[in-house]
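> let me see the structure of the following:
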Amino acid sequence: MAGGGTERDAGAGVTRRGAVCGFGMLAGASAGGAAAKPAPSASAEAPSLLYPHPSPTRSSRELSGLWRFKLDPQDLGEAGRWFGSTLQDARRIPVPCSWNDLFDDAQDYFGPAWYETDLWVDGEPAGRRLVLRFGSAVYHARVWLNGEYLGEHVGGYLPFAFDVTEAARRGQANRLTVRVENRLRLDRVPAAPDVRASHFYQQDYPQTAYDFFPYAGLNRPVVLCTLPAVHVKDVTVVTGLDGADGLVDVELEVSRGWSGKARVTLQSPVATAAGAVTGAVTGAVTGAVTGAVAVSGGTARLRLRIPKVRAWSPADPHLYEMSVSLGEAAAPLDLYRMKVGVRTVRVDGERLLVNGEPVFLTGFGRHEDFPIHGKGLDLPVLVRDFELLRWIGANSLRTSHYPYAEEALQLADEYGLLVIAETPAVSLVFSDPAEVIEARYRQLEQDLHEIVRRDKNHPCIILWSLANEPIPKPFHTTDPVPPGAVEAGTRFFSRLFATAPELDSTRPVALVSVQGGPPEWVGQGDVICTNSYDGWYGLSGRLDEVPGAIAREVEALHARHGPKPVIYTEFGADALAGDHADPPEMWSEEYQAELIATYWSVLRKHPYVVGAHPWAFADFKTPQSLTRVGGVNQKGVFTRDRRPKLAAHRLRELWSGRRG
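Next up, the predicted model:
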């Protein structure tokens with residue numbers, strides 16, 4: 001496996017050189033001094049990471065298409081200055097897309113690879129800022145424009161950007177070069193296991209600590225954005241309800257520390273009695289306001305009141321159109337537009353409330369996964385998946401086990417789906433060396449900052465999940481749990497649970513455990529989330545014993561952690577599409593359907609259980625394994641190409657008419 005393998009260099013996955021900011025923009029000299037020019041100084045203003053919605057003052061151009069591509073298994077590219085001229089002996093690759101399913105020699109390749117394309121900027125208005133925005137790069141990216149080093153980003157699944165106003169050339173093609181690698185490292189999030197230190201009774205290929213394929217590459221769009229010199233850099237929206245009225249608190253950040261007048265407008269796309277709502281602030285303001293907004297030193301805060309608000313909910317996912325304009329209304333310096341849903345979410349004892357009403361979550365965990373594209377953004381598949389969620393009666397989903405593309409959250413806002421948004425911290429192991437655990441923490445803390453900054457304004461997100469299935473020792477090992485592993489995890493998650501509400505105090509926080517433990521970790525959450533596999537990994541084939549086991553398990557969770565709401569975030573069984581058995585046997589569609597229905601029946605008897613998510617929405621690719629027929633996890637209620645299994649029809653009957 002050239003360029004692959006597991007690495008154990010503690011801290012390397014989170015090394016920074018001259019970081020400009022912690023929200024996706026990491027800049028500095030390239031390894032080995034290969035950069036043609038030093039990166040921007042730490043005093044440079046980091047570019048905006050707002051989603052590039054177009055407006056009269058803004059434009060964006062996707063650079064999607066066929067790029068030049070070259071594997072670098074010997075890691076010669078930087079020393080050989082491949083960024084300094086046109087990439088030689090290159091082949092074509094689509095962007096966005098994962099590289100693994102495209103080329104026979106890249107299927108299990110996770111080392112360095114080089115991307116290159118040409119772009120023109122002649123049509124961009126003078127005096128504007130040019131920003132290159134990457135939706136994601138899995139896992140580590142370094143970027144050059146015309147041989148000039150722009151910077152790097154560590155961590156997949158989240159956007160990063162570079163201001164290229166000075167680096168871009170007019171009147172000629174600009175050569176954009178990106179080096180991406182996805183080495184399977186012990187110190188990364190998500191991580192590879194330490195196969196040298198642990199005694200595995202089952203090994204996978206490639207060896208990961210998580211049960212999905214580690215697709216690599218530029219999986220989301222690369223966009224060239226044009227912004228005014230003075231522009232809206234960030235917007236934070238927090239909503240509330242006051243009787244029949246909606247409250248919308250808005251915090252603005254404007255580039256260059258600008259001071260002046262601004263205006264925020266909320267407009268319903270459907271005519272209502274409330275009509276348009278505008279607001280202003282000249283200082284600390286509460287209650288209804290009108291007029292202009294005073295921006296001082298690049299910041300402003302205001303509160304808008306919407307009479308007779310249409311609150312966002314699964315039953316009525318109403319979105320208001322919000323615009324922020326800087327300067328004079330007739331000729332604004334900048335105009336940024338986005339959609340806002342007004343709703344509240346909170347935990348009340350054993351209930352999870354949206355707009356003050358209890359909800360029960362029906363839905364799934366789902367992977368960004370499809371043949372050929374891998375984890376590349378595939379909008380037709382995304383829309384089809386959401387239509388299938390609507391067909392089956394789901395009202396929610398979990399972004400297992402990493403942040404999804406921004407377009408998925410925008411669609412969830414439109415469809416009224418409630419989302420548990422999860423970090424990339426899947427299957428973290430706490431028997432590993434302390435320096436490795438700390439390196440993971442630093443990366444995960446950065447990821448958490450970036451996730452909240454990117455996704456904080458989506459009404460669909462009702463819960464942050466800090467991790468999925470953290471464990472004291474690796475899965476599939478015979479090693480005993482070493483002393484101190486549980487305590488190390490307790491300290492680790494205590495820090496994260498303290499950080500999350502500092503970033504966003506408006507949503508509850510949880511982590512997803514497996515079979516309920518360790519309780520010292522999961523108990524720190526506002527909601528108790530657990531994955532349970534009675535009838536599959538335990539009590540295999542013994543369907544008659546499953547109801548009692550589930551009941552004992554859920555009652556033990558409540559006794560340990562109550563009064564808190566409980567969500568079963570995974571349960572189920574693999575089923576080979578077309579395999580049938582009567583009476584039900586493992587791997588048959590009947591067994592999967594019967595096991596899921598059994599869980600549903602038992603869980604619904606416990607009022608403190610507020611959600612049931614069978615695993616998983618659709619089959620997905622995994623590393624090759626003795627337990628993964630065809631290198632695919634077959635627990636989907638839909639096949640990988642989205643054909644329903646028997647369990648999908650059973651769930652549709654169970655969930656019929658349930659919305660919210």
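
> show me the longest helix that occurs in this structure.
helix 434-455 (DSSP state H).

> need the contact list for the nearest residue to residue 125 once chain neighbours are set aside.
Excluding the flanking residues, the one nearest residue 125 by CB to CB, 6 or more residues apart in numbering is residue 226, at 6.9 Å. C-betas here are computed from N, CA, C, even on glycine. Shown in contact with residue 226 (CB atoms under 8 Å, 6 or more residues apart in numbering): 58-60, 124-125, 128-131.

> from residue 345, how far off is residue 241?
The gap separating residue 241 from residue 345 is 11 Å, by CB to CB, to the nearest Å.

> so for these two, which sits in the more crowded spot?
residue 345 (19 against 16; other CB atoms under 10 Å).

> any idea what that one is bridged to?
Residue 345 has the following beta-bridge partners by DSSP bridges: residue 354.

> surely it and residue 354 touch.
Yes - using CB atoms under 8 Å as the test, residue 345 is close enough to residue 354 to be in contact (5.4 Å).

> and the contacts of residue 226, which of them are buried?
Neighbour counting by 16 or more other CB atoms under 10 Å classes 58-60, 124, 128-131 among the contacts of residue 226 as buried.

> and these as TSV, adding distance to residue 151 and pLDDT?
As requested, the buried ones among the contacts of residue 226 are exported to TSV (distance: CB to CB, whole Å; pLDDT from 0 to 100):
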residue	distance to residue 151	pLDDT
58	23	95
59	23	94
60	20	94
124	21	71
128	21	90
129	16	94
130	15	95
131	13	97
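
> which residues touch the helix or strand hosting residue 491?
Per DSSP states H and E: residue 491 is located in helix 485-503. Contacts to helix 485-503, defined as CB under 8 Å, 6+ apart, come from residues 428, 430-431, 434, 437, 441, 444-445, 448-449, 452, 464, 466-467, 470, 472-473, 509, 511, 518, 520-521, 524-525.

> how much space separates the spatially most central residue of the chain from residue 103?
By CA atoms, centre = their mean, the mean C-alpha position of the chain lies nearest to residue 403, the distance being 0.6 Å. Distance of residue 403 to residue 103, computed by CB to CB: 27 Å.

> then residue 430?
Distance, residue 430 to residue 103, by CB to CB: 37 Å.

> name the residue in these two with the higher neighbour count.
Using other CB under 10 Å, the more surrounded residue of residue 430 and residue 103 is residue 430, with 26 against 13.

> quick one: the strands in the stretch 551-660 of the chain?
Ranges of strands within the stretch 551-660 of the chain are 566-570, 609-612, 620-621, 632-633, based on DSSP state E, counting those that start in this stretch.

> each with direction, which strands does the first one pair with?
Going back to what we said before, that points to strand 566-570. strand 528-531 (parallel), strand 609-612 (parallel).

> do you know which of those lies nearest residue 306?
For the strands paired with strand 566-570, the distance to residue 306 is smallest for strand 609-612, at 28.3 Å, taking CB to CB.

> contacting residues around that closest one?
Under CB under 8 Å, 6+ apart, the answer for strand 609-612 is 350-352, 358-363, 396, 527, 554, 565-569, 571, 599-600, 603-604.
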